Structure formats: structure tokens, C-alpha cells
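*Asks:* no sequence on hand, only this structure:
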């Protein structure tokens, strides 16, 4: 059997067309779990952690409320970083054909579920 | 927008009958389809001119991924036309793509998207005002579109599993174990598909990665499957480390993980400019 967290990342790739890779990391940039092929999860975790914290600052500066996600839209794909609770983050790499509607539908449930799993780490 | 009573549209039971109704009314509109995948169907004067769906590469994707048009050129073309209604004309005007070539790409993207959309059952759809999109063709009748889609499905419908199942399957190369000689003799496009069949990608993912059509990739995958060069992926087990006890076994306050092994700057080892003298 495989780890439920990795199953969640794999399920995200299964359920949302266009998702190719994902990395779950702590907010200080350490890899927790990854479903990757081409990206280097350690580097992705570090950069995503920095990006997320900059995103919080951006939201502050723009006075635009709570940060939901921060995304880099590129010519042949996107990288989207979402907070998973206070301690972790999820960095998702997609191709340019990402099913945005499905992504928006899935991601709140996925992050909530990931958060539940990660919360078990500290409570026990 | 102003023409045509909308009654026939609300009565449409599926997308093909909706398109036929739009055809008879010669409407110009965009049909937004919700589903997995959903998409947009662009209709001009009753003829389908373009479709976009996450299930198949768009004209833009085909042009950029294949290297026909560079990112810089594409950006400057888009900058000239804020409505995005004349992108095709601008691409041809600048000589970035030949008019005939763009028409071929535009039509193939249209048929490919129709094929991709036909593999899923739409949840709902909505007829909206025409949304500008990149296309260059005279438009296709719904009948021709349907005929082409069913031709493609029939071509792919082999024995093991339906076409939709083939589209969902993540293939992995079966050549690592043996058959090394067989790969060298394959055509280049089969080798490209094979190189991208890593057990993580569906046919759609490979199509996006290569900048080729979904149908073309599925035909290649079917042939590779028949020759035993790819096989459906078998899932592997893997575990993750805990997030709790990194350096702090009794992690009661999760908000403040200790910065245990962060790299530190040493004096004299810095790349920042030296402080100015205070004079």
C-alpha cells in the first residue's frame, strides 16, 4: 500500500486534466511528499516556500485580503502554489491545457484533506 | 444575439442537436460546455470554426510547442490585437505561419478538440455571445464534424477496452526490460511518443507535451500497444516522511518550526557590496 498523502497527490493528477506534477512541502521549504517526474522536489519546495511567503506579502501590500494561491502562468504551462494550513504548501505544475474549472473545484478539498493528514503528525 | 427565437436551443438534448439547431438559425455564438473535460465551441454563422478544451492541444499550443511560432513573436502578435479577433490574420500577415498551414493547424485542432469532447459526457452547456478566438477556416458543418469524430472513434475502437478507456490509460514503456532492437526501427513520431510514455502521462498529456493532436497520439499509442512496446502502468507503493518531528520531537507549537540547518553567511564570504565609509 502507498501513503495516503501520495495517493492524494496522484489522485489530483488523475482528476484534473493538465496537472503533471505536484510537491507537498513545509512552509520552510522541506519536501513532505511529491508526485514528480521532471521537477526536482527539493528545489521546488524551497522556491515554492519563498513564493508563498512573498505571496502573503503581496496580498498585504495590495490590501487584497487572504491569499488563496499564487500562480506563475507560462507559455507552456503553469506553476500554482497553494497554502495547506499554516505549516505546509502544495506546488502544482500543469501544462497549458489545465482544466481550470476542475482545478478550482478540486483544490480546496485536496488541501483540506492534506491538512487533515498533516495535522495527525503533530497530535499523536 | 437579436436574431432567432431561442426555443429550439433549450429543447436540444445533446451537443450535436444543439449545433444543428444553431446551424439552421445561422447563429454566431460560443457554446460553453461544462464537464470533464468541458470546453468552448465557437460557432460563426451556424458553422463551427473552433473548439477549445483542456482535453486536446489548442491552436496556440500546437503553434508554440511545435516551435512553429516563437514565444516572442506570439507575444508581439497578441499585443497588436487586444480583442484577439484578428490574431490569425496578424500571424499570417507577419509571415510567421503560412495561410494554408494555419488553416490546417486550425482545422486539425478543431477536429481534435471535437474528438476529445466526444470522449466525455457533458454535464451542461450554455449558449453565450461569441467569444473571440484564434481560428482560420471557413467553418465546418455539424454533420461533417460528427462524421469525422465517429470515423476517428471507429478507427481507434479496438478489442481491449473502449476509446475513452484508452484515453484515460497511463501507458509506460515496456521496452526497458527487453526488445531493445525494436525501438530503433520505429518511426520518429513513435519514438517520441514512446519516450513520453512514462507511466504518468495519459495520451492527452503526451499530446500536450509533444504539441501534437490527441487523436494522432492515440493512434500511435494503439499501434505501440499492439506491438507490445507500451503497457498500462501498474501503481507502485511509496511512503512519505512525517512533518511533525523534524528536529523537534515534541512539536506542540506547529507554527514555529525550528530553523535547524539553514545555511549561514560567513563574514567575508558575502557577495553584497561592502558598506560605504561614513565620511
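*Replies:* Everything's here; your move. What you are looking at is a predicted structure, and each value in this text was computed from that prediction instead of being measured.
*Asks:* near chain B, which residues of chain A? Just list them.
*Replies:* Counting by C-beta under 8 Å from any C-beta of the partner chain, the residues of chain A close to chain B are A:1-3, A:5-6, A:10, A:13, A:17-18, A:20, A:24, A:26-28, A:30, A:32-33, A:37, A:75-76, A:86-88, A:95-102, A:118, A:121-122, A:124. To be clear about C-beta, it is placed using only N, CA and C from the backbone, and glycine gets the same treatment.
*Asks:* and residue B:134, that's in a helix?
*Replies:* No - counting by DSSP: H, G, I helix; E, B strand; the rest coil, residue B:134 falls outside a helix, being coil.
*Asks:* for it, what are its contacts?
*Replies:* B:50, B:58-60, B:84, B:87-88, B:106 (C-beta atoms under 8 Å, 6 or more residues apart in numbering or on different chains).
*Asks:* same check, this time on residue B:107
*Replies:* B:137, B:140.
*Asks:* tell me the gap between the strand or helix carrying it and the middle of its chain.
*Replies:* Residue B:107 is part of helix B:99-118 when elements are defined by DSSP states H and E. Helix B:99-118 sits 12 Å away from the centroid of its parent chain (C-alpha atoms, centre = their mean, to the nearest Å).
*Asks:* do the same with stretch A:74-91
*Replies:* The chain centroid and the centroid of stretch A:74-91 are separated by 4 Å under C-alpha atoms, centre = their mean.
*Asks:* number of residues surrounding the closest residue to residue B:170 other than its chain neighbours?
*Replies:* Leaving out its chain neighbours, the residue that sits closest to residue B:170 by C-beta to C-beta, 6 or more residues apart in numbering or on different chains is residue B:233, at 4.6 Å. Neighbour count for residue B:233, taken as other C-beta atoms under 10 Å in any protein chain shown: 15.
*Asks:* so residue B:233 sits against residue B:174, correct?
*Replies:* No - using C-beta atoms under 8 Å, residue B:233 is not in contact with residue B:174, being 10.5 Å away.
*Asks:* neighbours around the closest residue in space to residue B:202 that isn't next to it in sequence, how many?
*Replies:* Distances taken as C-beta to C-beta, 6+ apart place residue B:170 nearest to residue B:202, at 5.6 Å, with adjacent residues excluded. For residue B:170, the neighbour count with other C-beta under 10 Å is 18.
*Asks:* check for me that residue A:81 belongs to a strand.
*Replies:* Yes - per three-state DSSP, residue A:81 lies within a strand segment.
*Asks:* for it, name its beta-bridge partners.
*Replies:* Counting by DSSP bridges, residue A:81 forms beta bridges with residue A:70, residue A:91.
*Asks:* for it, what are its contacts?
*Replies:* Taking C-beta under 8 Å, 6+ apart, we find residue A:81 in contact with A:48, A:51-52, A:55, A:69-71, A:89-92.
*Asks:* what's the distance between it and residue A:49?
*Replies:* Here residue A:81 is placed at a distance of 9 Å from residue A:49 (C-beta to C-beta, to the nearest Å).
*Asks:* repeat for residue B:185
*Replies:* Residue B:185 is 47 Å from residue A:49, by C-beta to C-beta.
*Asks:* before we move on, the earlier item: OK, contacts around the residue nearest to residue B:170?
*Replies:* B:169-172, B:199-200.
*Asks:* out of the residues you listed, which one sits closest to residue B:71?
*Replies:* Here the nearest of the contacts of residue B:233 to residue B:71, counting by C-beta to C-beta, is residue B:200; it sits at 25.5 Å.
*Asks:* next, count neighbours for the residue lying closest to the closest one once chain neighbours are set aside.
*Replies:* Closest residue to residue B:200 apart from its sequence neighbours, by C-beta to C-beta, 6+ apart: residue A:37 at 5.4 Å. Counted by other C-beta under 10 Å, the residues lying close to residue A:37 total 12.
*Asks:* so residue A:37: helix, strand or coil?
*Replies:* coil.
*Asks:* show me what the strand or helix carrying residue A:59 is packed up against.
*Replies:* Element membership for residue A:59, per DSSP H and E: helix A:41-62. Here helix A:41-62 touches strand A:19-26, strand A:31-35, strand A:69-74, strand A:77-84, strand A:88-95, going by 3 or more C-beta pairs under 8 Å, 6 or more residues apart in numbering or on different chains; DSSP states H and E.
*Asks:* so which of these is the most surrounded?
*Replies:* Of all these, strand A:88-95 carries the top mean neighbour count, a mean of 26, counting by mean count of other C-beta atoms under 10 Å in any protein chain shown.
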